[in-house]
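Trainee: Provide a 3D model corresponding to the input given below.
(chains A and B)
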Amino acid sequence: MIIVSADDPSMHSSQNEQDSRFFGKFAMIPMLEPTNQQEAYDMIHYGFTLSEEFKTPVLLRITTRLAHSRTGIVRSKCREQNKLGLPSDVRQFILLPANARVRFKNLLSLQPLFEEKAYLSEFNQFTDGEDRSLGIIACGVAQNYVMENLIDAGLKYPVLKISQYPVPRKLIDKLTSICKTILVFEDGYPFIEEQLGGFINHGHSIKGRLSGDIPRDGELNPNVVSKALGLPAKQLMTTPGIVVNRPPQLCKGCSHIDTYLALNEAKAKYSAGRVFSDIGCYTLGALPPFNSINTCVDMGASITMAKGAADAGLVPAIAVIGDSTFTHSGMTGLLDIIAENSPVTVIISDNETTGMTGGQPSMATSKLEKICLGLGVEPEHLKVIVPLKKNHDENVLLMARELEYNGVSVIISQRECIQTAARKNRSK
Amino acid sequence: MKIDIILAGVGGQGILSIAAAIGQAALINNLNIKQSEVHGMSQRGGAVMSHLRISSDSIASDLIPFGNADMILSVEPMESLRYLDYLSESGWVVTNTKPFENIGNYPDYENLISTIRHLNKRIFIDAEQIAHEVGSLKASNMVMLGAALPYLKLSPKSIEDGIRIIFGSKGEQVVDLNLRAMKMGWDYALTSQ
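Mentor: Residues are numbered from 1 along each chain as shown, chains lettered A, B, ... in the order given. Predicted coordinates:
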């Protein structure tokens, strides 16, 4: 079993930089961090073998650049699928304490073997260099930026490339035995840099994100690495002042627009800061000209945060959630507010698709009303509206009425995403 | 042989199709390519850019270092200036002149064009106008691709094949339209040199 997790340093479209390698260490499983597309491909083959050899999940960790890039690769022969069969120990997943203790001891006993595998792995490479005034450790894609700079500047520092974990002590020793100053490049948190302190204590100087030689946040790139290596900047120009920001926007004619315009008017008489929203295209309602929503944390947080606010006395509290986010993780929150009849108005902005990721089917399509009624929403407070300009006044009135209701209301604001609608029209 | 290109535009304008066509052409020529981009939340309306690196040798970084790009190819004039940090001393800015004004504070057009004109190496092309002549405004991205070709050192045949591959599933008519748009952009760049 291979678990792939793509981290997003610089948070191009994420809420945090969270480095999944800490979760791999937490779970005490082997981890792979490909440097490039070919390695990512090869590591899947290798990772399955590794997983089957030790009967352990393997974490494959990538970051934004590898997730959003393409190149040619050399394919290898497709492996036959394994025959289906029960595990030799059929009790291994009954994690009652007696079994769990056995499993954990087994996991502990595998740790030295995982490290030995990483030490011998062809994905981890130590390359010696003539100039030992600096030793470099580079993880995953960081290796590319390091090589780009070293080759370009003709520098010959020893480089230890780490792409398989747990961190192999013996490889670290190889580098630290010849270099007194170690510079660590990692895309994400200072995972190895933190561990180095425990590995070496012979007056080494460890540089990286913790020491401030590399910014503590943000994705690595050739320029950040160049600066940390003390190379001169090659940048000749900067963006002229005439260039202004162009944030992403809701499409012209988008149903979320009409939903927000109606909501803004309906809630105008209340104080600000009561609209809890979620993750989807409609999160853009946080930006001008709408400024309609006040939160976006994680999938499903709209309804649960609105409940918290309502419980604390912020009434009415409003939740805005998309249709596919609702079926992903909004339904349990709705059940919760129904159970306690919390004064929350839930607006499900239903565009009948998963818009933000490109228009995949939404599991909620044509089922939303049934789901809400099934969870226990009172039929008289379950409303379906069509967000169109011509219905604006009527929609404002309906929203205003439900906001005044001291209990659970659900308003399904339903109109198909204009992108998927246009695509359907074209293919007709 | 090594070319670094920054593709710039607004989400929905088709810069990823340009990247895909050039990428396919490079693969046909047995060249190494690396192409990467980030499109943040939501697909449309925001500034988008893509790094495209083509080389006969292996390529280390997916990202182009500052001061290294041989070309900034932009399908929108203001976006052609956003990534000047990447442009090399000998690099060209090839830009569409037609603004995409979806923000309230879009800069004064005359000032914008004159800022671009101050760059040493720049080529202006009215891609919309040419795409209109070809028969579809949507093909203006391929006009821009064509306009960049004289500087890309890739064979015309391989770019044509690249376009056939990426638009093939949309039918012969779409392929033909995009091929004509690319060729007209190319002719324009050759005659305006």
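Trainee: Check whether the residue most central in space within chain B sits in a helix, strand or coil.
Mentor: Closest to where the C-alpha atoms of chain B average out (CA atoms, centre = their mean) is residue B:73, at 4.0 Å. Taking DSSP: H, G, I helix; E, B strand; the rest coil as the rule, one finds residue B:73 in the strand state.
Trainee: Same question for residue A:41.
Mentor: helix.
Trainee: need the contact list for it.
Mentor: Going by CB atoms under 8 Å, 6 or more residues apart in numbering or on different chains, residue A:41 touches A:73, A:75-76. No exception for glycine: its C-beta is placed from N, CA and C like everyone else's.
Trainee: could these be laid out in JSON lines, adding secondary structure, pLDDT and neighbour count?
Mentor: Output for those, formatted as JSON lines (DSSP: H, G, I helix; E, B strand; the rest coil; pLDDT from 0 to 100; neighbours: other CB atoms under 10 Å in any protein chain shown):
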{"residue": "A:73", "secondary structure": "coil", "pLDDT": "91", "neighbour count": "13"}
{"residue": "A:75", "secondary structure": "coil", "pLDDT": "95", "neighbour count": "8"}
{"residue": "A:76", "secondary structure": "coil", "pLDDT": "95", "neighbour count": "10"}
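Trainee: Please work out how many residues are found near residue A:82.
Mentor: 8 (other CB atoms under 10 Å in any protein chain shown).
Trainee: and the residue nearest to it when sequence neighbours are not counted, what element?
Mentor: Distances taken as CB to CB, 6 or more residues apart in numbering or on different chains place residue A:52 nearest to residue A:82, at 7.8 Å, with adjacent residues excluded. Taking DSSP states H and E as the definition, one finds residue A:52 inside helix A:37-54.
Trainee: I'd like to know the average pLDDT value across that helix.
Mentor: Regarding helix A:37-54, the rounded mean pLDDT is 97.
Trainee: Run the contact check for the helix or strand following it versus chain B.
Mentor: Tracing the chain past helix A:37-54, the next element assigned as helix or strand by DSSP H and E is strand A:58-63. No. Remark: strand A:58-63 sits outside contact range of chain B, by CB under 8 Å from any CB of the partner chain, the gap being at least 10.8 Å.
Trainee: now for strand A:58-63, which elements pack on it?
Mentor: strand A:2-7, helix A:21-27, strand A:31-32, helix A:37-54 (3 or more CB pairs under 8 Å, 6 or more residues apart in numbering or on different chains; DSSP states H and E).
Trainee: Starting from the shortest one, tell me which strands it pairs with and how they run.
Mentor: Sheet neighbours of strand A:31-32, with direction, are listed as strand A:58-63 (parallel), strand A:164-165 (antiparallel) (DSSP bridges).
Trainee: got JSON lines for those strands, with mean neighbour count too?
Mentor: As requested, the strands paired with strand A:31-32 are exported to JSON lines (neighbours: other CB atoms under 10 Å in any protein chain shown):
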{"stretch": "strand A:58-63", "mean neighbour count": "24"}
{"stretch": "strand A:164-165", "mean neighbour count": "26"}
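Trainee: is it possible to export those to a markdown table including mean pLDDT?
Mentor: Below are the strands paired with strand A:31-32 laid out as a markdown table (pLDDT from 0 to 100):
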| stretch | mean pLDDT |
| --- | --- |
| strand A:58-63 | 98 |
| strand A:164-165 | 98 |
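Trainee: Tell me the spacing between residue B:30 and residue A:72.
Mentor: Applying CB to CB, to the nearest Å, the value for residue B:30 to residue A:72 is 9 Å.
Trainee: These two: which has the busier surroundings?
Mentor: More crowded of residue B:30 and residue A:72, by other CB under 10 Å: residue A:72, with 15 against 9.
Trainee: Count the neighbours of the nearest residue to the more buried one once chain neighbours are set aside for me.
Mentor: Excluding its sequence neighbours, the residue lying closest to residue A:72 (CB to CB, 6+ apart) is residue B:27, at 5.4 Å. Residues within reach of residue B:27, counting by other CB under 10 Å, total 18.
Trainee: go on, residue B:115?
Mentor: Residue B:115: 18 neighbours (other CB under 10 Å).
Trainee: my read: it touches residue A:237, true?
Mentor: No. Look at residue B:115 against residue A:237 with CB atoms under 8 Å: they stay out of range, at 11.4 Å.
Trainee: What residues sit buried inside the helix holding residue A:52?
Mentor: A:37, A:39-40, A:42-44, A:46-47, A:50-51, A:54 (16 or more other CB atoms under 10 Å in any protein chain shown).
Trainee: same check, this time on stretch A:307-327
Mentor: A:307, A:309-310, A:314, A:316-327.
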